[in-house]
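**Q** need a structure here:
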Amino acid sequence: MRFLLGLLFLLALTTYSSATYCLCRDGIEEKDLQTSIDYACGVLKDCNQIHDKGPCYQPNTVKSHCDWAVNTYFQRFGQISGSCNFSGTATTSQNPPSTVVTGCIYPSSPGSAGTTPTTGTPSGTQPFPGPPAFGPVGVFDPSGNSASSLFISIALTLGFSVIAFL
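**A** Presented below is the predicted three-dimensional model:
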């Protein structure tokens, strides 16, 4: 009986997935996508992945490069609410872009995106020319599916832990 409860406990721990990506919206003008790339790469200070001969260079489209840049920015800043806005050019998604090629590292969580860069505008980087939509904007809304799934997962984990150790 304890084995079955332990197995159920492990299942409860592994069913929740928090993969969230930040992707550039379809239908946005290339110049606006490029502005988002420039801003994200200016803060990240390392966009070699999407440069010529980089593992994420293909497909060589502004949209694909924008997806990688804004997603990496979003992950490095811990998926903070509002950090995937880029003046309306980007939005969050539970799915990675369909254009990811083999060898391209596409982070899906804050821990897989490397180190968090220092805050502030890097030297030589111009502030984003659009409205102040980067960084935390908006309000955390715990009523979304992610919050309820996380709550259920935690409740089940705690419940099964208590039962397993009785």
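
**Q** could I get the full set of helices for the protein?
**A** Using DSSP state H, the helices found in the chain span residues 2-14, 30-44, 62-76, 145-164.

**Q** where does this structure dip in pLDDT?
**A** 1-18, 111-156, 158-162, 164, 166 (pLDDT under 70).

**Q** find the nearest non-adjacent residue to Asp32, please.
**A** Of all residues beyond its chain neighbours, the one nearest Asp32 is Thr89 (5.3 Å), with distances taken as C-beta to C-beta, 6 or more residues apart in numbering. In short, each C-beta sits where N, CA and C put it, glycine included.

**Q** for the one you found, give me its contacts.
**A** Cys24, Arg25, Ile28, Asp32, Leu33, Thr35, Ser36, Cys66, Val70 (C-beta atoms under 8 Å, 6 or more residues apart in numbering).

**Q** isn't Tyr106 right up against Cys56?
**A** Yes. Contact criterion C-beta atoms under 8 Å: Tyr106 and Cys56 qualify, at 7.4 Å.

**Q** between those two, which one's more packed in?
**A** Neighbours of Tyr106 and Cys56, each counted by other C-beta atoms under 10 Å, are more numerous for Cys56; the result is 23 against 20.

**Q** I'd say the more buried one and Cys66 touch.
**A** No. Cys56 lies out of contact with Cys66 (C-beta under 8 Å); the separation is 11.4 Å.

**Q** could you count how many residues lie near Asp32?
**A** Residues contacting Asp32 under the criterion other C-beta under 10 Å number 18.

**Q** mind checking how far it is from Ala90?
**A** Taking C-beta to C-beta, to the nearest Å as the measure, Asp32 falls 10 Å from Ala90.

**Q** next: Lys31.
**A** The value you get for Lys31 to Ala90, if C-beta to C-beta is used, is 15 Å.
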